[in-house]
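Undergrad: model the following, please.
(one chain, ligands or ions: 1)
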Amino acid sequence: MPTITLDNGSSIEAPQGKRLVLALEDGGVDMLHRCGGYAKCTTCRVSFSSGEPNEMTAAERDRLAEGGLYGQVRLSCQILCDHDMQLATINHLNGSAYDSAGTRPQDKITPEPQWTTRR
Ligand code: FES
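TA: Numbering: from 1, shown residues only. Sure, this is the predicted structure:
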């Protein structure tokens, strides 16, 4: 099982292939995922210290580029847990203006992923 280590020192054992946003939420992080995991809102963003995946969905690449975020953060709804990672979560329900985290993302990556490699 991949280990997701958070920059606050805690860690989560994630089932192989689980969506990162769900691994974090199910691991007790009050993640925002306002668009339901469709690479539209960027509220699920994370910042990697190590283990940043080289693979990136086209939806993530395009959304990050639109928002001027490419190269700074990644979208946890577009990442699968297939190796150890260390990261910081950024947006949380607690302290936000939202009354819910958003619809729970599906188990599989949405939209249907078209895999690219990050530059
Ligand atoms: S971009 Fe909206 S949940 Fe990931």
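Undergrad: for the longest helix seen in the chain, packing partners?
TA: Taking DSSP state H as the criterion, the chain has its longest helix at helix 58-66. The elements that helix 58-66 packs onto, with contact taken as 3 or more CB pairs under 8 Å, 6 or more residues apart in numbering; DSSP states H and E, are strand 74-75, strand 115-117. From N, CA and C alone the C-beta is placed, and that goes for glycine too.
Undergrad: now find how far off-centre whichever helix or strand comes after the first one is within its chain.
TA: If I follow you right, that is strand 74-75. Next helix or strand after strand 74-75 toward the C-terminus (DSSP states H and E): strand 85-89. In terms of CA atoms, centre = their mean, to the nearest Å, the centre of strand 85-89 is found 9 Å from the chain centre.
Undergrad: let me have the helices and strands packed on helix 58-66 in TSV, extended by mean neighbour count and distance to the ligand.
TA: As requested, those are arranged in TSV below (neighbours: other CB atoms under 10 Å; distance: least, CB to the nearest ligand atom, whole Å):
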stretch	mean neighbour count	distance to the ligand
strand 74-75	26	5
strand 115-117	11	16
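Undergrad: could these go into TSV alongside mean pLDDT?
TA: Converted to TSV, these look like this (pLDDT from 0 to 100):
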stretch	mean pLDDT
strand 74-75	98
strand 115-117	97
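Undergrad: so residue 24 sits in a helix?
TA: Yes: secondary structure of residue 24 (DSSP: H, G, I helix; E, B strand; the rest coil): part of a helix.
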